[in-house]
Every structure is written in structure tokens, then in C-alpha cells.
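Participant: Following is a predicted model, sequence given first.
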Amino acid sequence: MFAYIVRRLALMLVTLIGISIIIFVLLRVVPGNIVDILFDAAGFVDPTDKANLEKELGLNLPIYQQYLNWIGGLLHGDLGYSYVSEKPALQEILPRIPITARLAALALLFSASIGIPLGVLSAVHQGSKLDYTLRVVSLSGLSLPSFWLGLLILMASVSLFGTMPIYNPNPKTWTEAFAIYAVPAMAVGFRSAALTMRITRSSMLEILRQDYIRTARAKGASETSVNYRHALKNAILPVITVIGIEAAFLIGGLIVTETVFNIPGVARFLVEALRWRDYPIVQNLVMLIAVVVVVANFTVDMLYAAIDPRIRYGD
């Protein structure tokens, strides 16, 4: 197990290095940079002033030198300065991480708490009206874009209550804080819940046909015990995989949701930084998302061994 963990950590490091190189090169390959945008907005271009600004921002250096400077700063905790606000990138990013993390966690909790029980219910009542209804709901969740669902929720809120959910950075109570994140979390979590429900149903149907399930019923085990203690316990591994992937996706996949609900999170900030070619912000945010993805995948692999005793990672 120890050797496996060491290999996985080494692979994670190599993956992150590869991602850092790709995002760094792609940002420089795209035509135009922050200097071009600023001078185009001003309506004139003074070659001397432009060259001085590029030198000040370090954009005149060879691309490999810029990359080494960035990586060296990362290793020392220096993420650079935003080209737009001229503030430290760390100071710009840190306040937005808890906002997106809370929204993603609530969406993930919603998807798991709704998707898994409904998936089990659909599998247990296979072929019934309830099963068909739940399958239609899950297909709707996979088909509806989260931004469209968010707009529907906003319009319904205005129509029914005369107001809409407004983000408040300083809620007075935990109930107010929950209400701020609950609506956008449900909007984005509905798709994840639909996917979780379909995977749970599919996995449960396969397990319910196994011989040991029939044996458990023959011994007089209750349906609740059969479905949740025996079947779901063995059907949960694919569901954990999906939940892990969705957890990684939600950190960087909340762009439209944060924009629709006017939430100043990481995903929305990433789009704004991309528009202005704010290299330090974009690079560090993409690396943050990459770290979350690889850590989520590693955590899922470790959970496999913890949940299923048949799985052992040999040396």
C-alpha cells in the first residue's frame, strides 16, 4: 500500500507539472495579451510605452524564463500580481475559494442525498410507474442546462414572491447563509443528482440479480436490509466514482451558475481573468482546479479500498 501511495503521489506531481506547462503555453499562444488589450482600449499605441509595459510585466522575457519564474514563485508561495488590479494574486484568489467551495459542497450534498435514495428506489421498483417517472426526471436533469434552470428559478421566485435570491457577502445568521447558497446549489446539483441516480439504479439492478441477494431473501432478511445493507453496499463503488468526478467538476464548472446568481466565486473570476488575459490569475486558478481534480481522484481510489475489503493495492 505504501509503495502504491508513493507511486500515485509521483504520478500526481507529474500530472500537475504537465498541466502547468500546457496552460502556460496555451495562454501565450493565444493572440493578444494584457498590454495589447490596454492599448487597444486607449485607442492609440506608443511602441515605446508598450515595450516598457511589457518589460515591467515580464512579458518580454523568453517563454521558458517566464515559466521558470512562475514555478519558482509558486514554490516560495509567491503567486505574482494581478495585471488588472495590481494586487497580489493570492490576495485576489483566497477570498473567493470559500465561496465556491461552499456552493460546490452544498450542490454535492444535494446531489448525493437525492440521487442515491431515488436510484435505489427506482431499481427496487423496476418497471413500475414510479421507476418510469424517476427515469424521466433523471433524463430531464441531464438534459436541462444549469444556467437555464437557474434562470427559471429566478423568474419563478420573482413571480411567486416578488423578489429573487440576492448574494450577501455578510449574512447575519446561518439560515440566511444557507438560503443564499441553497438555490444556486440546487440549480447546479440537479444535474449531478440525475447522473448519480442513473448510475445508482444501473449498479443496483446488476447487484440485485446476484445469488447472494437471493440467499439473503431466502434467509428471511427484510427488504430494507437486502436493499441497503447487502445490495447498496456492493453497488456503491461506481457511485463513488461519479461523485468524486462531480466534486472535481463542480469547483471549476460553476462558471455559468455563479454568473447567473451574481456570486463572486472562483469560476466567475476565472472567466473575467481570461477576458483580460490576466496571466497570473488564470494560471494559478487553473492549477488550483487541477489540484482539486487529482486529489479527488486519489481520494476516490483510497475510498475503494476502505469500503470494499476485496480491493487491495499491492506493492
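Facilitator: Received the coordinates, thanks.
Participant: and Trp182, how many neighbours does it have?
Facilitator: Wrong residue type there; residue 182 is Ala, not Trp. Neighbours of Ala182 under the rule other CB atoms under 10 Å: 17. In this view, the C-beta of every residue, glycine as well, is placed from N, C-alpha and C.
Participant: How about the one 10 residues further on?
Facilitator: Ser192 is surrounded by 27 other residues when neighbours are defined as other CB under 10 Å.
Participant: Could you find the closest non-adjacent residue to it?
Facilitator: The shortest distance from Ser192 to any non-neighbouring residue, by CB to CB, 6 or more residues apart in numbering, is to Ser111 (3.5 Å).
Participant: what sits against the one you found?
Facilitator: Contacts were defined as CB atoms under 8 Å, 6 or more residues apart in numbering; by that measure Ser111 touches 189-193, 195-196, 243, 246.
Participant: can you check Leu270 too?
Facilitator: 252, 255, 281-282, 285-286 are the contacts of Leu270 under CB under 8 Å, 6+ apart.
Participant: Secondary structure element holding it?
Facilitator: helix 266-275 (DSSP states H and E).
Participant: Which ones among the contacts of Ser111 map onto helices?
Facilitator: 189-193, 195-196, 243, 246 (DSSP state H).
Participant: Report the separation between the residue nearest to Ser192 and Leu288.
Facilitator: Using CB to CB, to the nearest Å, Ser111 is found at 22 Å from Leu288.
Participant: wait, Leu144 sits on Phe190?
Facilitator: Yes - if you go by CB atoms under 8 Å, Leu144 and Phe190 touch, sitting 7.2 Å apart.
Participant: So which of these two has more stuff around it?
Facilitator: More crowded of Leu144 and Phe190, by other CB under 10 Å: Phe190, with 25 against 15.
Participant: Against Lys129, how distant is that one?
Facilitator: 22 Å.
Participant: With Val242 instead?
Facilitator: 26 Å.
Participant: next structured bit after the host helix or strand of Leu109?
Facilitator: Counting by DSSP H and E, the element that carries Leu109 is helix 97-124. Using DSSP H and E, the helix or strand that follows helix 97-124 towards the C-terminus is helix 129-143.
Participant: Centre of the chain to the next helix-or-strand element following that next one, how far?
Facilitator: Following helix 129-143 in sequence order, the next helix or strand is helix 146-161 (DSSP H and E). Relative to the centre of its chain, helix 146-161 is centred 23 Å away, using CA atoms, centre = their mean, to the nearest Å.
Participant: So which elements touch helix 146-161?
Facilitator: Helix 146-161 sits against helix 174-208, helix 255-260, with contacts defined as 3 or more CB pairs under 8 Å, 6 or more residues apart in numbering; DSSP states H and E.
Participant: Following the chain onward from the worst-scoring helix or strand of the chain on mean pLDDT, which element is next?
Facilitator: Least confident helix or strand, the chain: helix 34-42 with a mean of 67, by mean pLDDT, DSSP states H and E. Using DSSP H and E, the helix or strand that follows helix 34-42 in sequence is helix 47-57.
Participant: List the buried residues of the next helix or strand after that next one.
Facilitator: Per DSSP H and E, helix 47-57 leads on to helix 63-75 as the next helix or strand towards the C-terminus. Using 16 or more other CB atoms under 10 Å as the test for burial, helix 63-75 gives 66-67, 70.
Participant: The next helix or strand after helix 63-75 - contacts with which helices or strands?
Facilitator: As assigned by DSSP H and E, the chain's next helix or strand after helix 63-75 is helix 89-93. Contact partners of helix 89-93 among helices and strands, from 3+ CB pairs under 8 Å, 6+ apart: helix 266-275, helix 279-307.
Participant: Which residues does helix 89-93 contact?
Facilitator: For helix 89-93, the surrounding residues in contact (CB under 8 Å, 6+ apart) are 77, 79-82, 85, 266, 269, 280-281, 284-285, 288.
Participant: ok so, going back, output the helices and strands packed on helix 146-161 in TSV; the columns should cover mean pLDDT and distance to Pro95.
Facilitator: Listed next are the helices and strands packed on helix 146-161 as TSV, based on pLDDT from 0 to 100; distance: least, CB to CB, whole Å:
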stretch	mean pLDDT	distance to Pro95
helix 174-208	88	16
helix 255-260	79	14
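Participant: The ones you listed: which one's closest to Leu160?
Facilitator: helix 174-208 (12.7 Å; CB to CB).
Participant: Extract the C-alpha set from stretch 138-156 and format it as CSV.
Facilitator: C-alpha atoms of stretch 138-156 as CSV (Å, rounded to 0.1, in the frame of the first residue of the first chain):
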residue,chain,number,x,y,z
SER,A,138,-33.3,11.9,-14.3
LEU,A,139,-33.2,12.4,-18.1
SER,A,140,-34.6,15.9,-17.6
GLY,A,141,-31.9,16.7,-15.1
LEU,A,142,-29.2,15.5,-17.6
SER,A,143,-30.8,17.5,-20.5
LEU,A,144,-31.5,20.8,-18.8
PRO,A,145,-28.6,23.2,-18.7
SER,A,146,-27.9,24.5,-15.2
PHE,A,147,-27.9,28.2,-16.4
TRP,A,148,-31.4,27.7,-17.9
LEU,A,149,-32.7,26.0,-14.8
GLY,A,150,-31.2,28.9,-12.7
LEU,A,151,-33.0,31.5,-14.8
LEU,A,152,-36.2,29.6,-14.4
ILE,A,153,-35.7,29.5,-10.6
LEU,A,154,-35.1,33.3,-10.6
MET,A,155,-38.2,34.0,-12.7
ALA,A,156,-40.3,31.7,-10.6
